[in-house]
Every structure is written in structure tokens, then in C-alpha cells.
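> the following comprises the amino acid sequence and a computationally predicted model.
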Amino acid sequence: MRVRLLRVVGVATSVYGVAVSVVPDLLARPSGLVDEEGRVAPATRISLRPLAWRDAASGLALALAPEGPALRTAAYVRIAADLGDAVLLGLTLPDRERRRKAVAVSVGWGALSVLGLLGGAGRGGMAGRAGRDVSRSVGVGLPRG
């Protein structure tokens, strides 16, 4: 597991979520959720705030969860949210080009979390620790990564 990558994704997601909960236009405008004059309707702002707060909370969990099962669970929640966003925004945004971009961004963030879960043969990762544990038990020194 690449803990540092998961932490960065968590912090970035949390900061973005807080920003959008305060200024929903940050998500509404790029998504095309505006009227003909480019204004965001009050109902749209209200609807986006819980979504943004979900991102803030799940990002915070990813940033702060202890390494191990809690961090993996936080990553799974973040991946599910990103993939859900990709599917729902891909099916419902009014403009085809904006749908494509929203799906790409959502899948991209989800992919970062997947990489964080799957990676980690480096010095601080599980494979590195396992190798050092085995080398201690058999008395062989393995090179450090």
C-alpha cells in the first residue's frame, strides 16, 4: 500500500470538498450546471453541498485513518464515491463534453486511490517490511530499497 499517495489523495479531496461546500460554483460551473446566463441556481448550490461534504469527510478519513484495515476501508469508500460520480455524472450531465471530462476526472481520482492500495513494494510498504522480517529470521541481509 502506498500510504503517502493515499494521504495526498485524502487531503486534496478533503480540501476540494470543503471549498465546494462553501462555494458550490466551483463544481457547478465546470459541470455545466448553470442557466443560460451562466448563473448557478440556488437549488443546485443546495444540492451540491452534501456531495461536497461527503468528499470532505471521506478525504479526511483517507488522510487520517491508521495504516492497515482502516486505511484500506477509507480508500474503498473513496474509490466507490469516485466511481459512483463517474457513472452518475456520465449518465446525467446535460452536455456531452462536460460529461466526458467529469467522467475522466472522477475515474482519474479513483485510479489514484487504486494505485495507492495496490502499490507499495517500497521501503515503507508491506513487501519491504515482510522482506526485512524474513531476512532477520534467517539471518540474511537484504538490500534496502
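That came through fine. Numbers count the residues shown, from 1 in each chain.

> so what pLDDT did residue 136 get?
pLDDT, residue 136: 40.

> same deal with residue 67?
Turning to residue 67, the model gives it a pLDDT of 97.

> how about the contacts made by it?
1, 3 (CB atoms under 8 Å, 6 or more residues apart in numbering). All C-beta atoms are positioned from the backbone trio N, CA, C, and that covers glycine.

> helix/strand/coil for it?
In three-state terms, and counting by DSSP: H, G, I helix; E, B strand; the rest coil, residue 67 is coil.

> look up how far residue 105 lies from it.
According to CB to CB, to the nearest Å, residue 67 stands 27 Å off from residue 105.

> kindly report the same for residue 83.
Going from residue 83 to residue 105 by CB to CB gives 12 Å.

> look up the closest residue to residue 85, ignoring the ones flanking it.
Using CB to CB, 6 or more residues apart in numbering and skipping the chain neighbours, the partner closest in space to residue 85 is residue 106 (4.2 Å).
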